[in-house]
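K.L.:
Provided below are the primary sequence and the corresponding predicted coordinates.
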Amino acid sequence: MQLISPEKIFRGNNAWVESLTQIKKISKRPLVLGRSLSTKEIRHQIYKDLQDHHFHIITSNLQFDCCYEDLERIERIILKNNCDSIIAIGGGKVLDAGKFLADFLSIPAITIPLSASTCAGWTALSNIYSKDGQFIKDIELKSCPEILVLDHGFIKTAPKRTLASGIADALAKWYESSLTSSKVEDGLVQQAIQISRVLRDQLLINGESAYKSQSFQNVAWCNVVEGCSLTAGLIGGIGGEKCRTAAAHAIHNAITQIISSHKPLHGEIVGVGILLQLRLEETKNNNKLANQSIKQLMELMRKLDLPTTIADLGINVFENNNLQKIAEFTCRDKSEIHFLPFEINQQDIIETITKFEKQKIKIA
C-alpha cells in the first residue's frame, strides 16, 4: 500500500472555516495540540471556533520536541479524556507529534500548519527527537492525516525565517531524490522526481519575491507557501520510500546531535546539508555541475538570509570533537547517506566539512 496524501485538503484564505464542517463529521472530542507561545493567539482563535461549533475540547502543549517524554505524557491525557481525534496546530514538531499519537491510538489526525517551514502537515511520517532536539529516528505511519488545513491567513502570521527554512527544505526534494532515485524505473517515482524539479525551479524563481513580500496579493508568495507545504509532501507521497532523502538530511540529523543554544530550524540545517552534499557529489562522484549548483543555491540562500555554513548555524565544528561526532552520526548504519550512488566514509565527511567551514573551497 502506498500512502500518497491526506484524505481531504483545505487550502486558501478561508481554509480553516471551510474545514470545520468536515472536521465535525469525524470528531466531537478532539485533543488540540500546540506548543509555541508565539502561536498562542491563533490557537485561541481556533479553540473559540471549535467551541462555537460545539466541540468538547481537551488541550495540551508539547514541552520539548516530538520526543518520547512528551508523547507518553500526551497519550495519557488522550486516553484519560477519551479523545476521538487529534488536531495538531503549529510547526513540524507539533504536527509530527500529533500524527504519531493519532496513528498509534488509531484515531483521526487533523493537521493545521502555522508556517510553511516543512511538509509535515501532509506526510505519513514522524521524526522522533530527544527532548534536547537531537534526531533519533523517523517512523513511517499507517496513513497520512485525515484532514490537512493550510489556511493562508494563519501562514501569513509566521516569521519570515520559517518561510526561508521551508524553501530550503523543499529544495532538498530535487537535490536528494534526483540523485538517489534517478535510475529507478517505477513511473510514479520518475514523475515524483520531475515534480521536484518543477518545484525547485519555482522556488529558485519565486523564492526571493515570496520572502520579501508575504501578501495574499503576491502570487509568488501563495505559490511558494503551497509548494513548501503541499507539493513537497506530494512528492514524497508519489515517490514513496524509493524517492529518498540522502546526504542533506543525513547531515541535518548529525548536526542536531550537537547541542546548541542557537536552535536553528530544520530547513536551515538541511540547506547547509544540500551545499555539503553537492560538494561530496563533486569530489566523490565527479559531478562537474555541482559547483555551479552551489553558486546558484548560495545566491538564493543569501537573499533569504539563510545560513550557508555550520558556523552560521551557531555551531563550531572545530571544538568539543564536534566534527568527529557529525561524521560518525552521518555515516552510522542505516543513515540516509548510504542511499547515495557512491561510497562515503567518515573521513570524506570530515574533509569536506573542514574545507567548507574554512572556506578553502571556492564558492563564487
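P.N.:
In hand now; what should we look at?

K.L.:
going forward, measure contacts between C-alpha atoms and count neighbours the same way
P.N.:
Fine.

K.L.:
all helices for the stretch 251-364 of the chain, in order.
P.N.:
For the stretch 251-364 of the chain, applying DSSP state H, counting those that start in this stretch gives helices covering 266-285, 290-303, 322-330, 346-357.

K.L.:
can you give me the buried ones in the second one?
P.N.:
By 16 or more other C-alpha atoms under 10 Å, the buried positions in helix 290-303 come out as Ala290, Asn291, Ser293, Ile294, Leu297, Met298, Leu300, Met301.

K.L.:
tell me the one of those residues nearest Pro30?
P.N.:
The shortest approach to Pro30 among the buried residues of helix 290-303 belongs to Met301, at 39.5 Å (C-alpha to C-alpha).

K.L.:
now do the contacts for that closest one.
P.N.:
By C-alpha atoms under 8 Å, 6 or more residues apart in numbering, Met301 lies in contact with Ala168, Pro307, Thr308.

K.L.:
now the residues you listed in JSON lines, with distance to Leu101?
P.N.:
Formatted as JSON lines, these follow (distance: C-alpha to C-alpha, whole Å):
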{"residue": "Ala168", "distance to Leu101": "28"}
{"residue": "Pro307", "distance to Leu101": "33"}
{"residue": "Thr308", "distance to Leu101": "35"}
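
K.L.:
out of those residues, which comes closest to Ala220?
P.N.:
Ala168 (16.0 Å).

K.L.:
what angle separates the helix or strand that contains the closest one from helix 290-303?
P.N.:
Secondary structure assignment for Ala168, by DSSP states H and E: helix 160-180. Counting by axes from the mean of the first three to the mean of the last three C-alpha atoms, to 10 degrees, helix 160-180 points 170 degrees away from the direction of helix 290-303.

K.L.:
before we move on, back to that, most neighbours, which of the contacts of Met301?
P.N.:
Counting neighbours by other C-alpha atoms under 10 Å, the top entry in the contacts of Met301 is Ala168, with 31 neighbours.

K.L.:
tell me the predicted confidence for that one.
P.N.:
pLDDT, Ala168: 98.

K.L.:
name the residues of whichever helix or strand comes after the helix holding Ala168 that are buried.
P.N.:
Using DSSP H and E, the helix or strand that follows helix 160-180 in sequence is helix 187-212. By neighbour count on 16+ other C-alpha under 10 Å, the buried set for helix 187-212 is 188-190, 192-197, 199-200, 202-204, 206-211.
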